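K.L.:
no FASTA, just this:
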C-alpha cells in the first residue's frame, strides 16, 4: 500500500469516483490507499459534493508551505505520554475529527471534540485548546457552546479556578440524552399541529404518525442508553487469585 501525500492524479481519481457515486472504501481500494486517507482528503476539501481535484491539490500545497514556514517545534516540549508516536497521534486526531464531521458536526466543533477525546486527562482549558488547535479563543468559545448544547462536553473549575472543558466516560450517554430531549420536543410539537389542522385530516394524521414514531424511537434510545451505562459502568468481578473476571455481556 503506497504511503506519502496524495498525488494530483490520485486526487483526480477521487473526484471521478465521487462523480460516479462510489463509496470512499471503493475509491480507496482502487487507489490502494486506506479508506481514512480518502475520507479525510474529501472532508477537508469541501466534502463529497464540492470536492475539486485541482483546488484540493493547491490547498494541500499551500498548507505544506505554511507548515514549512512555521516556527520549529520547541526542543524543550515534553515528549508524548506513554511513548506514543506524535505524528501518528496527530493523524489519528485528524481521522477522528473527520468522522465527527461526517456525523454532522461543524468543522471547528469536530476539531475541539477530537482534541479533547485524545487527551488522557479528558479536559483542557480554553488557552490550551486554542494553542493546540492554533485558533482564536473566540473560535474555541463558540465551539464549546455548541458542544455543551449537544451534551458532549461540560465545564468545571480546577484547583486554580481555571475553567476546564471536560469529556468523560458519560459523554456519549449525556449526548444521547440531549438528543432524546430534542426528539421528544419534536413529538410534542407535532401533536400540537394535530389540533391546529384538525384531527383526522391528512396533514394531522401525518403529524400524529410522526409523533408516534418519534416517541417510540426516543423511548428506545433512552432505555438502551441507560442499560448500556449501567452495564459498562459495572466493575468487573475479581476472580479467585486476584485476577479480574469476565465483564458483563452487553448482548
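P.N.:
Alright, I've got the coordinates. Since this is a predicted model, take the numbers as computed values, not measurements.
K.L.:
CA atoms for contacts and neighbours, from now on please.
P.N.:
Will do.
K.L.:
ranges for the strands of the stretch 1-150 of the chain?
P.N.:
123-125 (DSSP state E, counting those that start in this stretch).
K.L.:
Then the stretch 151-251 of the chain?
P.N.:
Using DSSP E, counting those that start in this stretch, strands in the stretch 151-251 of the chain cover 154-157, 163-166.
K.L.:
So which of those is the most surrounded?
P.N.:
A comparison of the strands of the stretch 151-251 of the chain by mean neighbour count, using mean count of other Cα atoms under 10 Å, puts strand 163-166 on top with a mean of 19.
K.L.:
who does that one pair up with?
P.N.:
strand 123-125 (antiparallel), strand 154-157 (antiparallel) (DSSP bridges).
K.L.:
of all those, which has the lowest average per-residue confidence?
P.N.:
Among the strands paired with strand 163-166, strand 154-157 carries the lowest mean pLDDT, a mean of 88.
K.L.:
contacting residues around that strand?
P.N.:
Applying Cα atoms under 8 Å, 6 or more residues apart in numbering, the external contacts of strand 154-157 come out as 148, 163, 164, 165, 166, 167.
K.L.:
Could I get the pLDDT score of the second one?
P.N.:
What it means is residue 163. 89.
K.L.:
cool, and the one 4 residues further on?
P.N.:
According to the predicted model, the pLDDT of residue 167 comes to 89.
K.L.:
quick one: contacts for the residue nearest to residue 54 when sequence neighbours are not counted?
P.N.:
Excluding the flanking residues, the one nearest residue 54 by Cα to Cα, 6 or more residues apart in numbering is residue 8, at 7.3 Å. The neighbourhood of residue 8, defined by Cα under 8 Å, 6+ apart, consists of 53, 54, 57.
K.L.:
ok, residue 8 to residue 58 distance?
P.N.:
9 Å (Cα to Cα, to the nearest Å).
K.L.:
swap in residue 38?
P.N.:
Taking Cα to Cα, one finds residue 38 at 17 Å from residue 58.
K.L.:
Nearest to the middle of the chain, which residue? Look it up for me.
P.N.:
In the chain, the centroid-proximal residue (Cα atoms, centre = their mean) is residue 100; its distance is 2.4 Å.
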